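> The amino acid sequence is not available; the structure is as follows:
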């Protein structure tokens, strides 16, 4: 039960960072592009590193200790996680294309807003699962500092990239004419699914230990796809003026995550 509570607290933390990002709408109509690119790049670096050291490597070790073919479990789980995110993205893209066919300015604006919130909310589900699964690995007796820090860094990496996501929802809503209060509410609401998904992920691992290696690899696949498909391209948006700004953020994020794992390993 303590593991479930820890997963809930961690995902409530990632949700609070989403709310913090959404709160920027109170102070700014447009956030600082360079700062957001650095933050997105840093989050991408952390997530890529965490996907290996905190998820894939433990998945391989757990599979071997259980007598499973580790290469199949890790590869299969990784591909399933990435496929899940890909299908989720396809669903949102299809829904958005249908919304674009709606006639009338009011209906088109409403559907555009709905799709914006839905797209962010949908991909927050596997992020919450990733945090829950990471904390679910701590169930066996007294967890080591290495495994605890691994779970924490997964939550931190996801939390960091939630900040610009909150802003990405609330600021466009403000531009569409919504009040600051309503824009903030809808922006932070996109992260509400993470605590729910985090508890589900932790419960699955705690009460169905045999799926742990697959679940860890699944979470890694989902995180890598988010980092490579969304965060890295997004943070390169101002590459002509700041060619290495986002890249240094990625390098720094990866280095910080690697330092923590090696230092505590």
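Yep, that arrived. Every value quoted in this text rests on a predicted model; they were computed, and no experiment measured them.
> which residues of the stretch 51-200 of the chain fall in helices?
Using DSSP state H, counting those that start in this stretch, the helices of the stretch 51-200 of the chain run over residues 57-65, 70-100, 105-136, 145-175, 180-189, 193-207.
> For residue 41, which of those helices is the nearest?
Nearest of these to residue 41, taken as C-beta to C-beta: helix 145-175 at 9.9 Å. Using the backbone N, CA and C atoms, a C-beta is placed for each residue, glycine as well.
> to the chain's geometric centre, what's the distance from the closest one?
Taking the mean of its C-alpha atoms, helix 145-175 sits 6 Å from the chain's own mean (C-alpha atoms, centre = their mean, to the nearest Å).
> now stretch 80-88
That offset, for stretch 80-88, works out to 13 Å (C-alpha atoms, centre = their mean).
> Counting neighbours, which bits of it end up buried?
Using 16 or more other C-beta atoms under 10 Å as the test for burial, stretch 80-88 gives 80, 81, 82, 84, 85, 88.
> between the host helix or strand of residue 219 and helix 193-207, how big is the angle?
Assigned by DSSP states H and E, residue 219 belongs to helix 212-226. On the basis of axes from the mean of the first three to the mean of the last three C-alpha atoms, to 10 degrees, helix 212-226 is oriented at 160 degrees to helix 193-207.
> Just the mean pLDDT for helix 212-226, thanks.
Summarised as a single mean, pLDDT over helix 212-226 is 82.
> Packing partners of that helix?
Where contact means 3 or more C-beta pairs under 8 Å, 6 or more residues apart in numbering; DSSP states H and E, helix 212-226 is packed against helix 33-50, helix 57-65, helix 70-100, helix 105-136, helix 145-175, helix 193-207.
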